[in-house]
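Participant: pasting the sequence and the predicted model now:
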Protein chains: 2
Amino acid sequence: MDSTHVSKFAPHVWSQTLVQFTEPISPHLAAEQLGSKLDWQAEDASLVRRIKDWMLLCEHEPRINAAILESAGGVHSPSPSGSSQADFLRPLRLPTILIGSSVLGGISTTRCSYESLRMRGYDVDAVLLFPSPHYQNDKYLAQFFADQGIRVFALGGPNVNSWGMPPARHTSTKQDAEQLQKYYLGMIHGNGRDDCMLDVVNHLRECHAKRYASLDTLGERAHQHMWWPFTQHTRIAPDDVTVIDSAHGDFFQTYEPSSSTMKPVLDGSASWWTQVIGHGHPRLALAAAYAAGRYGHVLSPGIAHAPAVTLTERLLGHHEPCRLAPGRGWASRVFFSDDGSTGMEVAIKMALQSSVRRYSAAVVSPTTEARIKPGRQSASLGGRTPREWEILGLQGSYHGDTIGAMDACEPSVFSEHVAWYRGRGYWFSPPTLRMKCGKVYVETSDSAEWGKEPQCLGVFSSIEEVLNVQKRLDTKLAAFYKRVVHERLENLVIVERRRFGALVLEPLVMGAGGMIFVDPLFQRCLVDVVREREDLFSLTDPPLRHAHMGRVTAARSNGEWRGLPVIFDEVFTGLRRLGCKMGADILGTTPDISCLAKILSGGLVPMSVTLASESIYSTFACSREKTHALLHGHSYTAHPVGCQVAIETLDVLEEMDLNGSWTPYQKQWSSEHWSVWDKSFVNLLSHADRVSGVMALGTLLKIELKTDSVSGYASDAANDLMLKLGKQTGIMEHDTTSSLSSHTFPLHLRSLGNP
Amino acid sequence: MDSTHVSKFAPHVWSQTLVQFTEPISPHLAAEQLGSKLDWQAEDASLVRRIKDWMLLCEHEPRINAAILESAGGVHSPSPSGSSQADFLRPLRLPTILIGSSVLGGISTTRCSYESLRMRGYDVDAVLLFPSPHYQNDKYLAQFFADQGIRVFALGGPNVNSWGMPPARHTSTKQDAEQLQKYYLGMIHGNGRDDCMLDVVNHLRECHAKRYASLDTLGERAHQHMWWPFTQHTRIAPDDVTVIDSAHGDFFQTYEPSSSTMKPVLDGSASWWTQVIGHGHPRLALAAAYAAGRYGHVLSPGIAHAPAVTLTERLLGHHEPCRLAPGRGWASRVFFSDDGSTGMEVAIKMALQSSVRRYSAAVVSPTTEARIKPGRQSASLGGRTPREWEILGLQGSYHGDTIGAMDACEPSVFSEHVAWYRGRGYWFSPPTLRMKCGKVYVETSDSAEWGKEPQCLGVFSSIEEVLNVQKRLDTKLAAFYKRVVHERLENLVIVERRRFGALVLEPLVMGAGGMIFVDPLFQRCLVDVVREREDLFSLTDPPLRHAHMGRVTAARSNGEWRGLPVIFDEVFTGLRRLGCKMGADILGTTPDISCLAKILSGGLVPMSVTLASESIYSTFACSREKTHALLHGHSYTAHPVGCQVAIETLDVLEEMDLNGSWTPYQKQWSSEHWSVWDKSFVNLLSHADRVSGVMALGTLLKIELKTDSVSGYASDAANDLMLKLGKQTGIMEHDTTSSLSSHTFPLHLRSLGNP
């Protein structure tokens, strides 16, 4: 009806009703009542597409001066699908005019609506309302919104017509039409004194110009002043900077200054693998805001607040139902810190201190020490003291960029120029997985453990088969793995006289190292051998003589760590990234210490946790001495915002489990495809000429290219591909549905050249 | 009027109007119109106090079954002071009933109101509305709120009276009264089928019982499963845990299970010095929610998003007006990370790599190296390789708990049991400040630099006087400081053959080290000498011969770092904590690298920045080699939520500057008192018998107690005091105003025993 009315009495306004119901009720109800009689699609996505098409039409119609989309009802009035207006229109993130209310109570509804819009990332350019001389809402709101930098237009002052309201119906149809036309003309052009719609349109133009002017320079300004992580700035021109206007679901909304256009671009690395339920998720925004409003932040030591305690209990599996409980069955304590790197520093401190305590009797006398030759100088810069406490790990691992986390990794491009880096450990060269022509190969590289030449240790018919560690534990390969680990360890400890304090693994996939898929059977065997050979790690000088007495494993009570504390770095591999709940699940064993981050806090704010068994914890709670405690902490330890967002994320993930959005993961791995990637697509890729190997697991797809030139991080090969992919993903249609399922699986392509 | 009506027709309900205006308009307007005729205080705080008193009255009146407070208008309807209902009632954080709307558009207003309540930390226990058979809002909202775990009551179904609405007025007064009484009785007791008020009251009781049951066990559960930072768990009993229900302004709302009561407790350490504009600030909550809704998180390298770029420019001083621009005049780049510790690791990497590059010619040959005796073994555990790159610092400093940050600090209780810790530096024993009996003493402790016995180097009549570094630069003491530093440095470099890569300072106050106030003149002299004596740090074996040639400072272009890169760790001291904008301002010099955190992100979420000069940056952007870049990064680098909150915080702080909330800081230090603490109170304290010294600066108050027993972190002396203070602050009236000025100054008492 509105459309007809406007066309009739405001001839300069072209009005079109995109969606219409006969009943003046909420759209969701109207759609429900129509049921199958509904002759157009009621899904959010198709409606958004229609709106987008209409806007493009307006853009190309020269007679149209300004296009305004009127939503149905209020900010949260239901769309035909039942979602709210604000949510379903969010993918477009149009500059917004909020229509305020001038009646009693209107200040409240206007401010509340504003906050709900902001919480969804909308920018409100103007607030429009009728003036109200009695309630003076316009006066109050003008001041309030001015503080937010938003202009309020009180349309149609006293000089237009009875405070902006349309004139009362005239008995004469002709005169009625005349006075209405006069009214609308007045509203549009004003009287020179009061606000009118032309002012609004001009203001919107200004806002738009400002917005685009800011976007035009944003990349350049970032290029000039920001110091990006992992970035060689000299290789980036101002034009290379990706300008991100906003993000929604799996997509960035990027801006291209050269063409002044917005373009959806797939977030192929899930923003460094932090995203799991999509960008701009309203539930996470509300969770963050709630914790911010209830607590802000409160310091952590000796303090209990609900978000931290609840999250702790859920991670440990004390809440039912909770499917995603990475600590269930083995962990008893949760230590909070800020990121994967700090979480791993905490893990290493926990492990080393535990080893030092247990094996402190093994510390040799200074005289003996002097006779021991220094350990292998494993760091490229700096050296290592003889008999340093070292870690056992894998080549290609990465645990973060603080010095302690770096020292747990072998020398690499990350550490080459870091003066304080010194690798403190021994890193096994792990057998890796690669699918080629439909088969999965287990292969070694040239290294001390495996002989000079790369070897193929096995061929499997599917990824699932090679991941069946339980079944493979009885194979000859398992025995071979154990023997190799065993011999190497004896050599390290007895011959090289090295002293170890922890085993550190990224289960299954070493992400930053180059998406290296490790044979999980090898990792399992490594863990088992380390736990079986406590005698090796408890070596002291006097008992050295009877080291060859045999494999005397100390009698350990249930749950007590054996051999060495085992740390699983699940920052990248945990919480459904690989389909399974945790990478550890594939290995079929539990660690003594586990570190989680990235997905943990929903892809919103930094937070990490280090889970520990009671056995590890008791090392620190062994006395009343303050200095025995884990003297580590950060100001924002267990910050309520992060904890609340983490809880909300676990809720969403568990709902997805229950409603089947994660169906591939529900079923047993043995019979099913453990990846969101289509099996035949992956198979096809594995046959491609230029592809030397693929792997797909969970949301992860790895494509290894044959290159003639140098490989690894120094390689530029990926740049060409990324360029092509960038262009392709650029023209992919922005997914405009707001349903969770479509936002579940951020595609994983090696990101913008960095880990 | 409502009150009279209810008393008359619903005799079982005792209704009282606490605040009344004659005009049915918004309270702020009514109050404004009454002006001086207003016979009660319209401030939020006094209204909240009246409400609290009324609730206590209800609690002690046995005939009252349930007390419900009805606010005026909607969630954001203005209070008499002009603030919103939700904001001004927030200090009470009462369990909330949201009255939904059953008219067209009511779904939207109800949902928007709900979000505004949540954003302020309210828990909504129930939603009440009339059933609406036509619009079916109750049906939609019942489903929506059920998903949030909230029950919706559609009061008065069809069986009560025309969909819950009161009956039409009867012509007979008697019959009108009768039918109204019947109506209210029906609403209260129901008909056994539909929702009624007794159901609501019972539900609220259940919610309350659940809430308190959860609070009763929260401390115990935290005690059982959390691993607190810096905490010796064996020293904490379950009853010792502070249970925090919420926080607002400068206060925690704590819960005491023994008495089942809530109690406001002053956040004396500003939650590890992160708070600056108070807990639960609605502007920060909205800023966080906006960024969450607009972006979530987006990865950082090569990417520009508005919050990060805007914050970067503001920190560098490119935006006007911006008073708080710590990088203005010297810094050209901002590197983001997650906390003070990671920020300092970044700073150290920046500095060391810069020194390595400049002085790489100085790296001696392996043969020469072998002849050099190892440097002093400064670490209690582990040793140091000869000619390691070390830092210069001060004894008592603290830069974080990751290994790199720890290594920049001298051995202490924090590092005693950390296997991988090795102090890599030389730490000067700094002259410190102490006010006693109204005078400020500059004193040294027993150390190599200052002779065996502690000395008093000067006495000043006020804190302000001793902070006037500019004036003191010409004194004999300055010359003495320079000579001491000078001699020590020559000894370290020429005699001990040690190699340094950075000077690292916490300007003015070393917080975690024990709130040590350092004489800023000494820090300034240290910086000056380091910059003047580049010849010392560029020493190589061959030039060693002419080291004594004189102080040859290399000609450096303007802004280029000289001698050693100077790092200021302003994590604790920056951004108004000490009154001045930055601790560096007092020193009257600028660093080459500066680290900020804590206050930076408004006391809400973790984030830090490392600011660097162009000279430092160019070390890394010196070639197109990836490996020359600063290969450091965290997943949530420059996360939009943190950046947006930081911008909002800077906005609020700058508004406080402009409107005079920070008045003491506006004026010149030379003539004014530079602290929020009352000058005569501080003076009085300095005369107290049991007090050995005080210092007050900015929001910080340090009281040093005379103790007979052991001092430092092993001391229990503070515990007794804290216990007493805890009891005192516990009975302080919770400040219920929501004005910023009263939330400006978190009081600083040494916190819960930890840094």
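Facilitator: On my side now, so go ahead.

Participant: from chain B, how far off is A:Gln143?
Facilitator: Distance, A:Gln143 to chain B, by CB to the nearest CB, to the nearest Å: 9 Å. All C-beta atoms are positioned from the backbone trio N, CA, C, and that covers glycine.

Participant: can you say which helix or strand has that residue in it?
Facilitator: Secondary structure assignment for A:Gln143, by DSSP states H and E: helix A:137-147.

Participant: go on, A:Thr217?
Facilitator: Per DSSP H and E: helix A:197-225 holds A:Thr217.

Participant: please save the CA atoms from the helix or strand just after the helix holding A:Gln143 in PDB.
Facilitator: Next along the chain after helix A:137-147, taking DSSP H and E as the criterion, comes strand A:151-154. This file holds the C-alpha atoms of strand A:151-154, laid out as PDB (Å, rounded to 0.1, in the frame of the first residue of the first chain):
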ATOM      1  CA  ARG A 151      23.400  13.600  12.900                       C
ATOM      2  CA  VAL A 152      19.700  13.600  13.900                       C
ATOM      3  CA  PHE A 153      17.200  15.000  11.500                       C
ATOM      4  CA  ALA A 154      13.800  16.100  13.000                       C
END
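
Participant: which elements pack onto strand A:151-154?
Facilitator: Under the contact definition 3 or more CB pairs under 8 Å, 6 or more residues apart in numbering or on different chains; DSSP states H and E, strand A:151-154 sits against strand A:124-129, helix A:137-147, helix A:197-225.

Participant: relative to chain B, which residue of the stretch 251-400 of chain A is the closest?
Facilitator: At 2.9 Å from chain B, A:Arg294 is the closest residue in the stretch 251-400 of chain A, using CB to the nearest CB.

Participant: give the contact list for that residue.
Facilitator: Residues in contact with A:Arg294 (CB atoms under 8 Å, 6 or more residues apart in numbering or on different chains) are A:Pro640, B:Arg93, B:Arg120, B:Gly121, B:Ser246, B:Ala247, B:Gly280.

Participant: hmm, whichever strand or helix holds A:Leu117 touching chain B?
Facilitator: Assigned by DSSP H and E, A:Leu117 falls within helix A:106-119. Yes. Judged by CB under 8 Å from any CB of the partner chain, helix A:106-119 and chain B are in contact via A:Ile107, A:Ser108, A:Thr109, A:Thr110, A:Arg111, A:Cys112, A:Ser113, A:Glu115, A:Ser116, A:Arg118, A:Met119.

Participant: what angle separates that helix from helix B:106-118?
Facilitator: 70 degrees (axes from the mean of the first three to the mean of the last three CA atoms, to 10 degrees).

Participant: could you export helix A:106-119 as CSV, CA atoms only?
Facilitator: Coordinates of each C-alpha in helix A:106-119 appear next as CSV, following Å, rounded to 0.1, in the frame of the first residue of the first chain:
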residue,chain,number,x,y,z
GLY,A,106,10.8,6.5,22.1
ILE,A,107,14.1,7.6,23.5
SER,A,108,14.6,4.1,24.9
THR,A,109,13.5,2.2,21.7
THR,A,110,15.7,4.4,19.6
ARG,A,111,18.8,3.9,21.7
CYS,A,112,18.2,0.2,22.1
SER,A,113,17.8,-0.2,18.3
TYR,A,114,21.0,1.8,17.8
GLU,A,115,22.9,-0.6,20.1
SER,A,116,21.6,-3.7,18.4
LEU,A,117,22.7,-2.2,15.0
ARG,A,118,26.1,-1.4,16.3
MET,A,119,26.5,-4.8,17.8
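
Participant: starting at the chain centroid, how far to that helix?
Facilitator: Taking CA atoms, centre = their mean, to the nearest Å, the mean C-alpha location of helix A:106-119 is offset from the chain mean by 29 Å.

Participant: and it, what other elements does it pack with?
Facilitator: Going by 3+ CB pairs under 8 Å, 6+ apart, helix A:106-119 lies up against strand A:96-99, strand A:124-129, helix A:137-147, helix A:282-294, helix B:106-118, helix B:282-294.

Participant: can I see the domain layout of chain A?
Facilitator: Annotated domains of chain A cover A:3-208, A:218-267, A:665-748 [the TED database].

Participant: can the second one be said to contact chain B?
Facilitator: Yes. Against chain B, domain A:218-267 shows contacts by CB under 8 Å from any CB at A:218-219, A:221-223, A:225-236, A:240-244, A:246-247, A:252, A:267.

Participant: buried only: go through the residues you listed for me.
Facilitator: By neighbour count, with 16 or more other CB atoms under 10 Å in any protein chain shown, the residues of domain A:218-267 next to chain B hold A:218-219, A:221-223, A:225-236, A:241-244, A:246-247, A:252, A:267 as buried.

Participant: in strands, which of the residues you listed appear?
Facilitator: A:Thr242, A:Val243, A:Ile244, A:Ser246, A:Ala247, A:Phe252 (DSSP state E).

Participant: using JSON lines, please lay out these together with pLDDT.
Facilitator: Shown next, in JSON lines, are these (pLDDT from 0 to 100):
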{"residue": "A:Thr242", "pLDDT": "96"}
{"residue": "A:Val243", "pLDDT": "97"}
{"residue": "A:Ile244", "pLDDT": "97"}
{"residue": "A:Ser246", "pLDDT": "97"}
{"residue": "A:Ala247", "pLDDT": "97"}
{"residue": "A:Phe252", "pLDDT": "96"}
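
Participant: what would the residues you listed look like in JSON lines with distance to B:Glu654?
Facilitator: What follows is these, written out as JSON lines (distance: CB to CB, whole Å):
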{"residue": "A:Thr242", "distance to B:Glu654": "31"}
{"residue": "A:Val243", "distance to B:Glu654": "27"}
{"residue": "A:Ile244", "distance to B:Glu654": "27"}
{"residue": "A:Ser246", "distance to B:Glu654": "26"}
{"residue": "A:Ala247", "distance to B:Glu654": "29"}
{"residue": "A:Phe252", "distance to B:Glu654": "31"}
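
Participant: great, nothing more from me.
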